[in-house]
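Undergrad: No sequence on hand, only this structure:
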DNA sequence: TCGCGACGGGG
DNA sequence: GTGTACGTCGCGA
């Protein structure tokens, strides 16, 4: 039989662990296979381990093995134990005897998968003997033997359900599962369930929903529906940190067993880890679409209403969170609205997963790294790297160290902060540049690891007796054995990942089947992500293989390479205007895109030839216009070469154009200004556009909707410590009879007045109604200017010049020596002349309209004839 | 500039 | 369950 692995765990039968594999067959039928006879084990470095564990009844056997340690050439002792859950006790015993324990914290299911060459979502072929059991809610159950990994790419069909709960609290704050009941549960199915795509449960009857007499019965109903639909994946929006913990707490309170996993003996569990909950559903996978979207999309806000509209174009009905209690207790129409609202939430959560293919990435990552889908979703990059590395190190006869404890992690963190040096960043050359060619090192850090054979197994820890000719010395001073002496495992893995990626990319190009194409795209993407993550892994304090010598060697080789490339560029007479870690921005003195393409490809080839190993410099793109703001921050008009021509786009690095605490006017103005500068190459126009906006603001000609700043009320107004505009507004409007509850979003504008800023927030509608005047100065100084100033400063335009009024220059009058009023021309000023601040010597071609320097100083008038007192009047 | 505490999402 | 798992922003020093 063939099956794709969805989840793996184990159960104890007669004190022996039996591995369970929950999976799908090619038709999408759920299967559960049992594997007996696999025992937990770990390693030790000392023969004393035999003595220490002599009388331990949990130990099956201790044998000397051929397995070696990464940092010392000694053979390891393998301790086979009976019970995975009791192995930590044995580990502690070993460690407190002062000897080492290795791989003593590998989860049993991962120990099994690694030893059998299996992983999350991989396909396997296995011999089966049907068995009957009432321990799992799976129709087809087998004993497994002869497990073999298959090279299948297409996934089995998966069943997905999204759910959403509603509950109300007595008070105005967030409901508390300790006392507040669940009132409504909605579902959305990806395949019909009993002829329906959606379903709503409630303890209040209504048309089109399933009503229950009590909350307890409704929760049992929830469990029944999940079990009868039998989804592989349960999703929802923020379910990991709200719906699941809430509903599980209610079940505990009401004495309902949370058995909606595929196992009858193991309930669904939630465990608080730090601030977040981790949900375990035996045999199924919990997918929180909110968590994925937060990770994979860069948005201003992540509320379901905003996300649904932005990413799906699907609007959510507007039900104020604080009004839910009213709808719940209200008339039938009110209640219907609540039911509809809840249903849409489930549908949206499901649509996000399906229409945005949120899972594709994580499926690929699971398959490449071997982590189970649930762990790929919940865990970080290090989890995946580590699982992948464990297998590869074991294959080559190496043993992995344990994870560091808290104390060790902390000391590593502080050490890394001080000692770990990153990539080299060139000081950008000021100004607006045209026709800049961007070169970069292809997979720089992976290439370095391969080229210089960088690996924990090749790092020389004792130099005595090592011939320097047999090693690569990194610029940071570490030694690594050359690959002809000993091939490192990490470089081998990384190079395999890279060639597998090349192969997947090639297959993807040739593939005609859409499913296959998508899968292959995901595969090559995951391979790239994994290969690129190795560097970070060695500098990550919680990593089993944390090693600053390795991390620093990688970055130091990187800095050396970028310097080499820079001087080779300069040696060709090109000007390097900027560079960061693995990229160089270069002016080659050519402005035709096609000519650049030819020239840049040649240059990168020539330079690559002179680079060591597999290091490769490639021509990446052209910046028709490039404006660096500072290190790591720039805006550019990018042209990317394609097979047929060029892809044109604006590129912004480290520059925010949207921020949640900015009003719409800021992002709009920024977009226009940046576009005028980059595409039209017209700085004057950009300045006058900006001045125009400022002028309109002063004159009150800007649409008030563009000036609204929105924030969420997170607690009751009286519970806030400081003074915040949106909270002050809530206090104001509630006095006018408008109530705003916790969780509601509040939009406000800042009006003119004497009070402190935070108390000058006002309801936009009220402002319009009463004809109040907005504080244009606030919008200029606190909203528009901070981001805009950064851009204009990069162009050599100062704040005072920017604020030089909305009028054209040349209209001002000047009174010389307090004498008669004269215009510029009458005084005989030519273009070489200007104004100098008496205090700070700042030079101005044209004085700002405020009449004094930005430092507050008065002006001297400078011309060929000399200096004169200048009084600037507007 | 750095370091620490407060949100975020959900009802 | 052989489990340790944020990330960003704003504020005050």
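TA: Okay, I see it. Being a predicted model, the structure only gives us computed values, none of them experimental.

Undergrad: what's the pLDDT at the residue in the stretch 651-800 of chain A positioned nearest to DNA strand C?
TA: Using C-beta to the nearest atom of the strand, the closest approach of the stretch 651-800 of chain A to DNA strand C is made by residue A:661 at 4.0 Å. Yep, even glycine has a C-beta here, placed from its N, CA and C like the rest. Looking at residue A:661, its pLDDT reads 79.

Undergrad: could you list every residue that touches the residue found closest to it once you drop the neighbours it is linked to in the chain?
TA: In space, and not counting its chain neighbours, residue A:661 is closest to residue A:709: 6.4 Å by C-beta to C-beta, 6 or more residues apart in numbering. For residue A:709, the contact set (C-beta atoms under 8 Å, 6 or more residues apart in numbering) comprises A:661-663, A:725-726, A:747-750.

Undergrad: Narrow the residues you listed to those that are buried.
TA: Among the contacts of residue A:709, those buried by neighbour count (16 or more other C-beta atoms under 10 Å) are A:662-663, A:725-726, A:747-750.

Undergrad: Looking at those, which are in strands?
TA: A:747-750 (DSSP state E).

Undergrad: mind putting these in TSV, pLDDT and distance to DNA strand C included?
TA: As requested, these are arranged in TSV below (pLDDT from 0 to 100; distance: C-beta to the nearest atom of the strand, whole Å):
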residue	pLDDT	distance to DNA strand C
A:747	87	16
A:748	88	14
A:749	90	17
A:750	89	13
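
Undergrad: Check these and tell me the two furthest apart.
TA: A:747 and A:750 (11.9 Å; C-beta to C-beta).

Undergrad: how about a markdown table for the contacts of residue A:709, with distance to residue A:437 added?
TA: Output for these, formatted as a markdown table (distance: C-beta to C-beta, whole Å):
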| residue | distance to residue A:437 |
| --- | --- |
| A:661 | 37 |
| A:662 | 34 |
| A:663 | 38 |
| A:725 | 47 |
| A:726 | 47 |
| A:747 | 45 |
| A:748 | 47 |
| A:749 | 46 |
| A:750 | 45 |
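
Undergrad: okay, those in a markdown table with distance to DNA strand B next?
TA: Output for the contacts of residue A:709, formatted as a markdown table (distance: C-beta to the nearest atom of the strand, whole Å):
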| residue | distance to DNA strand B |
| --- | --- |
| A:661 | 11 |
| A:662 | 15 |
| A:663 | 17 |
| A:725 | 13 |
| A:726 | 9 |
| A:747 | 14 |
| A:748 | 14 |
| A:749 | 19 |
| A:750 | 19 |
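
Undergrad: Going by distance to residue A:502, which of those residues wins?
TA: Among those, and counting by C-beta to C-beta, the member closest to residue A:502 is residue A:662, at 43.1 Å.

Undergrad: secondary structure class for the spatially closest residue to that closest one that is not a sequence neighbour?
TA: Sequence neighbours aside, residue A:783 is the residue nearest to residue A:662 in space, at 6.2 Å (criterion: C-beta to C-beta, 6+ apart). For residue A:783, the assignment made with DSSP: H, G, I helix; E, B strand; the rest coil gives helix.

Undergrad: was I right about residue A:783 contacting residue A:664?
TA: No: between residue A:783 and residue A:664 there is no contact under C-beta atoms under 8 Å: 10.2 Å.

Undergrad: Check the stretch 401-550 of chain A for the residue nearest DNA strand B and tell me.
TA: residue A:417 (7.5 Å).

Undergrad: One more: the stretch 701-850 of chain A?
TA: Closest point on the stretch 701-850 of chain A to DNA strand B, by C-beta to the nearest atom of the strand, is residue A:743, at 1.4 Å.

Undergrad: Name all residues that make contact with that residue.
TA: By C-beta under 8 Å, 6+ apart, the neighbours of residue A:743 are A:174, A:321-322, A:712-714.

Undergrad: among the residues you listed, which are within reach of DNA strand B?
TA: A:174, A:321-322, A:712, A:714 (C-beta under 7 Å from any atom of the strand).

Undergrad: rewinding a little: confirm the residue of the stretch 701-850 of chain A closest to DNA strand B sits in a helix?
TA: No: counting by three-state DSSP, residue A:743 falls outside a helix, being coil.

Undergrad: Around the spatially closest residue to residue A:544 that is not a sequence neighbour, count how many other residues there are.
TA: Nearest non-adjacent residue to residue A:544, counting by C-beta to C-beta, 6+ apart: residue A:401, 5.0 Å away. For residue A:401, the neighbour count with other C-beta atoms under 10 Å is 19.

Undergrad: re earlier: mind checking which of residue A:783 and residue A:664 has more residues around it?
TA: residue A:783 (20 against 16).

Undergrad: of all of the stretch 201-350 of chain A, which residue lies closest to DNA strand C?
TA: residue A:273 (2.8 Å).

Undergrad: Could you report the neighbour count for that residue?
TA: With other C-beta under 10 Å as criterion, residue A:273 counts 9.

Undergrad: where does the stretch 601-750 of chain A have low pLDDT?
TA: Filtered on pLDDT under 70, the stretch 601-750 of chain A yields the residue ranges A:721-722.

Undergrad: so where do the strands sit in it?
TA: A:617-630, A:633-641, A:646-653, A:709-712, A:745-750 (DSSP state E, counting those that start in this stretch).

Undergrad: any idea how far DNA strand B is from the most centrally placed residue in chain A?
TA: Central residue of chain A (C-alpha atoms, centre = their mean): residue A:295, 3.8 Å from the mean position. Separation of residue A:295 from DNA strand B (C-beta to the nearest atom of the strand, to the nearest Å): 11 Å.

Undergrad: and the helix or strand hosting residue A:361, what does it pack onto?
TA: Using DSSP states H and E, residue A:361 sits in helix A:360-369. Where contact means 3 or more C-beta pairs under 8 Å, 6 or more residues apart in numbering; DSSP states H and E, helix A:360-369 is packed against helix A:373-378, helix A:381-395, helix A:514-538.

Undergrad: Identify whichever of the ones you listed lies nearest to DNA strand C.
TA: helix A:373-378 (5.8 Å).

Undergrad: Does DNA strand C have contacts with the closest one?
TA: Yes: for helix A:373-378, a contact with DNA strand C is found by C-beta under 7 Å from any atom of the strand, at A:375, A:378.

Undergrad: Run the chain-centre distance for that helix.
TA: Counting by C-alpha atoms, centre = their mean, to the nearest Å, helix A:373-378 is centred 15 Å from the centre of its parent chain.

Undergrad: Pull the residues that contact that helix.
TA: A:6-7, A:120-121, A:278, A:280, A:285-288, A:291-292, A:362-363, A:365-366, A:369, A:383-384.

Undergrad: what about that helix and DNA strand B, touching?
TA: No: residues of helix A:373-378 contacting DNA strand B under C-beta under 7 Å from any atom of the strand: none, with a closest distance of 14.9 Å.

Undergrad: so what's the residue in the stretch 251-400 of chain A positioned nearest to DNA strand B closest to, chain neighbours aside?
TA: Nearest to DNA strand B in the stretch 251-400 of chain A, going by C-beta to the nearest atom of the strand, is residue A:321, at a distance of 3.0 Å. Computed as C-beta to C-beta, 6+ apart, the closest residue to residue A:321 that is not its neighbour in sequence is residue A:743, at 3.8 Å.

Undergrad: Same check on residue A:427?
TA: Going by C-beta to C-beta, 6+ apart, residue A:427 has residue A:631 as its nearest residue, at 6.9 Å.

Undergrad: what's near enough to touch the one you found?
TA: Applying C-beta under 8 Å, 6+ apart, the residues near residue A:631 are A:425-428, A:580.

Undergrad: Mind giving me the PyMOL command for buried ones among the residues you listed?
TA: Selection of buried members from the contacts of residue A:631 for PyMOL, criterion 16+ other C-beta under 10 Å:
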select buried, chain A and resi 426+428+580
